[in-house]
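Colleague: below is the sequence, then the predicted model.
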Number of protein chains: 2
Amino acid sequence: MIRHVVMFSWDDEMTGELEQQFTEELTALASRLTGLRSYHAGPDAGIVEGNFDYAVVADFDDAESYLAYRDNAEHQDIIRRLSRPHVKSRAAVQYEI
Amino acid sequence: MIRHVVMFSWDDEMTGELEQQFTEELTALASRLTGLRSYHAGPDAGIVEGNFDYAVVADFDDAESYLAYRDNAEHQDIIRRLSRPHVKSRAAVQYEI
C-alpha cells in the first residue's frame, strides 16, 4: 500500500472558511475514488508551535492509484481554486506501508 | 484521535543504513507505547520528484499520548543519534482524525 502525505503552510489570506471548504471538497472527492483505502485531511490542531498549517494522509492500493488521484481533474480544480493561491510552503512524501 | 505527521529532508551524509536503523528503532519504540493506535515510518518511495525524504504518521488516543511520545526519553535518544544530525528540513502537523 502507498501512503501519500502532504502538508501545507498558508499565506495570511487563507481563512477558516476556505480551509473547511478545501477539506469538504477533498473528502467528497476521496469518497468516489477507486483504489483509495483511507483519507484524512484537516488543519493543524495547535498542540505545538512551529508546525505547518494543514495535512492530508491518503492510503492507496498502489502507486498508480495515487497518481490517478494526483492527476484527477476534479482534484486539480480543487487545488487551483482553494489551496494553490494560499500555499506558502508544501512538503510531500509517498511511502510504502 | 490525534494524528501526528512529520516529514524530514536529509543532508548528504544520511545513508540508507542509518535511515533503516531509524525506522527500526522508532517502530520498536512505538510497539511499547500506550495510547498509540497506529505507527508507520519510512523513506520516500521515489514516485515523484521534489519530495521530502522521510515520513512518520502516528495515530494517538489524544494529545497527551502524542506529547508523551514526543517527550519520551528513548524517542529523544533515537532523534539525537539518528535523525537530528542529518535533518535539513522538518515539517510537522498534528490534526484530529
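Modeller: Good, I have the coordinates.

Colleague: can we go C-alpha only for contacts and neighbour counts from here?
Modeller: Will do.

Colleague: quick one: the top helix by length along chain A to chain centroid distance?
Modeller: In chain A, assigned by DSSP state H, the helix with the most residues is helix A:16-30. The chain centroid and the centroid of helix A:16-30 are separated by 9 Å, computed with C-alpha atoms, centre = their mean, to the nearest Å.

Colleague: do stretch A:72-91 as well
Modeller: With C-alpha atoms, centre = their mean, you get 9 Å for stretch A:72-91.

Colleague: ok, and for it, which residues are buried?
Modeller: A:75, A:78-79, A:82-83, A:86-87, A:90-91 (16 or more other C-alpha atoms under 10 Å in any protein chain shown).

Colleague: could you do stretch A:90-97 as well?
Modeller: Those would be A:90-96, for stretch A:90-97 by 16+ other C-alpha under 10 Å.

Colleague: related to what we said a few turns ago, and the contacts of the longest helix of chain A?
Modeller: The contact list for helix A:16-30 (C-alpha atoms under 8 Å, 6 or more residues apart in numbering or on different chains) reads A:36, A:39-43, A:74-75, A:78, A:82-83.

Colleague: what about that helix, average pLDDT?
Modeller: Averaged across helix A:16-30, pLDDT comes to 98.

Colleague: who touches the spatially most central residue of chain A in this structure?
Modeller: Residue closest to the average C-alpha location in chain A (C-alpha atoms, centre = their mean): residue A:56, at 3.9 Å. By C-alpha under 8 Å, 6+ apart, the contact set of residue A:56 is A:4-7, A:39-42.
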